[in-house]
Each structure stands twice: as C-alpha cells, then as structure tokens.
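> Quick one: sequence plus predicted model below, questions after.
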Amino acid sequence: MYPPTLREITIEMSNLYSTQTKDQQLYLSMEELLTFYGILITSGYSSVPRRHMYWSLDRDVHNEGISDAMRRNRFDEIMVSIHVVDNTKINDDPFFKVRPIFSELNQSYKVMPFQEWLSVDESMIRYYGRHGCKQFRRGKPIRFGYKLWSLASSSGYMHHMEPYGGSHTLLPETGLGQGPSVVLGLAKQAQVPQGCKFIHDNLFTSLGLLDEMTKRRYGSSGTMRQNRLFDFPFKPQKEFMKLSRGTSEVLTQGDKLLALSKVTVATNMEEKYSETFVKRWSKERRTFDKVPQPKCINLYNEQMGGVDLHDQQVSRYHISIRSKKWWWPIFAWSLNSALVNSHFFYRDIMGGTIVLLTFSRIVAQSLVQSTTECFKMYHGQ
C-alpha cells in the first residue's frame, strides 16, 4: 500500500535536500528509511511526551526496540531532511511538497477491487499551524486542518483522495457545482467501473448530479438540502416535523425518486417506492416500536460512513511524533492511511482476523527488527 516507488522517491529527494541545505550527504538507505517508518508507526501505539525519551535509559520510558534499531542523532538527521520533492522545482500547487504522496498512494490503492457500495465524503488531517489551505469546520471532531475529498468503500477501504486547495484542487470542473464535481471527479480519477453505487451527504447531492450519474451508469443516493428542492410540492419542513412518526412523502421524476421522512433523500436506484421497518425507542411506552421507513433512507444509513470509518481507524493509533513542518501531518497521515488500508486488505482478501493494533505492532516490529539484527551482528552480539 505504501509503494516502493514512493519510498525510492523519498530516499532520492531526502539525500538531495540534505546536500542543498547542509552541503553534506545524508546517505539515507532503504533499510534506514524502513526503520524510520517502523519507529513512526511504533509511536502510534506506544507514545511518549517527547520523542527523545524513546532513547532515554530511564526504565519507565525506555524503548529497547527503537534505541537498538537506530541511534537518536541519526533519527534526528532523517527527520530534518525527509522530503519527497525537489525544492528547486516548486510550482503554484499549494500541496507541491506532498503531491507525490497522493499520486503514488492513489495508484497503489487500486490493488483492491471495488465493492458495490462506495462512500464520498470529506476527510480532515489535523493541523493548527499556518497554511493557506487550512480549513475550519465548526462542530466537527477535527475542526482545524487540511481537507481531503475522499472515496472509500462502505467497509472503510480508501480508494482515492484529493486534497482541497481551492482553485488548485486537481478535480475536473463539470459546471454542476462543487459537490457534484467532486463526486464525478473522484469516480473518473479512481476509474470506478460502471454499476457501482455511490452514497454521499447533502454537500454533494443535487438533481443534476443524479442525472449525470445515470448517464454514466452509476447508482447515486444522498440526502438533499432544502434549498435544492426548488418548487417540489413537499410540505414545509416545520409542518412535516409535526406529523406522526414514520410519515413520509414521495415524489418521482423520471428515474429519480425523492423521499421525505425527517430528512430528504434523492436516489436514482429505485424505480418504485418501497418501505421497510426499523426499531425506534418510544419515550411514552418506554419500549421499541416498529416504524416504517423508506427503503432508500434505510440503505443510506447502512452504506454511508465508509470514509468516516477509515478516518476513525487512522486516528486510533496515529503517529505521535511531531514536526514543525506544515506538511508533516500529511506525511504522517499517509503512513497511517496505508497501514489501515493494508489491514482492510489483509482482513477482506487474505481472510485474516487480527485487530488493527496487533497488525500495526507486527508491521512496526518487522520494520524495526531487521535493522536491529544487523546492528547486533555488526557489533558481535
């Protein structure tokens, strides 16, 4: 998931950056880079307040695996010089410093076959420093950081992501607005096969999007904002909220179906309206009631959330070693994202049953121990 091409680029550009800024060779090797990755991954499940404490001789913080794998000063040298681009070839792309990371990961993530249901949503990479593309999202778990447009399966596997950089966002413009352009752009760049079904929230959904998705032979379903319903003869939201529980209104227009039940969902995947029953708690009777619910809303609730699931897994054991560089959170996030995708691949394709924590520890220890063994052999231990 973290391809050899990206690792080779990192070695080449890090050695080049060291000669450009310090006028001395870093001599970073592939083995050292893999050990560096292993230490970073280890910091995700075994964190300390300061990274130098990993090499401390105090028993409460000492990490023998890390201190034996790489010397502290060498780790600092790599931290200072780590790069994936040549700074002398900078352009107007605000994510120029990390563009190879997204390009290479998007390519490597294609190894996983597409599932029937796909989720489109926003991802956030936490960042509190200064950068022109830093976003603020009120009321969200991560309020400050870099925003990514993400395409993931309903199980949480990330297929494609594109950082949001305003007019520099590398997604095609369709003339349907930002939300529909993101869905169509991700589908095109990820090379999603026809027949797949997209689930998205009200930021992306419009009737124009559903028409275009039908032309491209994709399924599409998502919640709708009230200001995008135009002159559809639905009851006003305030009046509808006063009706009895389970009440819904339905409107069909061509191959599109709109269902209003507390929220409005538009879909191009249902020719006829159908309902299912769900359990909802009744405060008056203090028991669960069976409440009718439009099937399109039920499917939305079941299949939406793949991007959120990926983000949740990434945040569980995220790299705790920090840097002042603005692009470091993206670099660290990419390692965690590749690790999570590897775990999904191992679980869904290989049939593995181990949890993410165990998987992360196995990966980190295998990266660190390869150098540790060479180090001990060199010193005759």
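Yep, it's here.
> Do a quick rundown of the helices in the protein.
4-22, 30-45, 64-69, 72-81, 99-108, 178-189, 207-215, 237-240, 295-303, 306-316, 328-348, 356-378 (DSSP state H).
> Residues in contact with the first one: which ones?
By Cβ atoms under 8 Å, 6 or more residues apart in numbering, the surrounding residues in contact with helix 4-22 are 24-30, 33-34, 77-78, 81-88, 100-101, 104-105, 108. (Each C-beta comes from the backbone N, C-alpha and C, glycine too.)
> hmm, try it at 6 Å
The contact list for helix 4-22, computed with Cβ atoms under 6 Å, 6 or more residues apart in numbering, reads 26, 28, 33, 81-85, 100, 104.
> out of those, who's nearest Arg361?
Closest approach to Arg361 among the contacts of helix 4-22 (Cβ to Cβ): Leu33, at 19.9 Å.
> Could you measure from the closest one over to Asn15?
11 Å (Cβ to Cβ, to the nearest Å).
> likewise His318?
28 Å.
> Kindly report the same for Leu260.
Between Leu260 and Asn15 the computed distance is 60 Å (Cβ to Cβ).
> Counting neighbours, go ahead and name the busier of the two.
Leu260 (22 against 17; other Cβ atoms under 10 Å).
> Check whether that one really touches Leu251, as I assumed.
No. Contact between Leu260 and Leu251 fails when scored by Cβ atoms under 6 Å: they sit 7.9 Å apart.
> returning to what we had before: save the helices of the chain as TSV, and put in distance to Lys140 too.
Formatted as TSV, the helices of the chain follow (distance: least, Cβ to Cβ, whole Å):
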stretch	distance to Lys140
helix 4-22	29
helix 30-45	22
helix 64-69	34
helix 72-81	30
helix 99-108	22
helix 178-189	17
helix 207-215	23
helix 237-240	23
helix 295-303	20
helix 306-316	11
helix 328-348	16
helix 356-378	23
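> now these in JSON lines, with mean pLDDT and distance to Pro172?
Formatted as JSON lines, the helices of the chain follow (pLDDT from 0 to 100; distance: least, Cβ to Cβ, whole Å):
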{"stretch": "helix 4-22", "mean pLDDT": "94", "distance to Pro172": "25"}
{"stretch": "helix 30-45", "mean pLDDT": "96", "distance to Pro172": "34"}
{"stretch": "helix 64-69", "mean pLDDT": "92", "distance to Pro172": "45"}
{"stretch": "helix 72-81", "mean pLDDT": "95", "distance to Pro172": "36"}
{"stretch": "helix 99-108", "mean pLDDT": "96", "distance to Pro172": "15"}
{"stretch": "helix 178-189", "mean pLDDT": "95", "distance to Pro172": "5"}
{"stretch": "helix 207-215", "mean pLDDT": "92", "distance to Pro172": "12"}
{"stretch": "helix 237-240", "mean pLDDT": "74", "distance to Pro172": "34"}
{"stretch": "helix 295-303", "mean pLDDT": "90", "distance to Pro172": "25"}
{"stretch": "helix 306-316", "mean pLDDT": "95", "distance to Pro172": "20"}
{"stretch": "helix 328-348", "mean pLDDT": "96", "distance to Pro172": "23"}
{"stretch": "helix 356-378", "mean pLDDT": "77", "distance to Pro172": "35"}
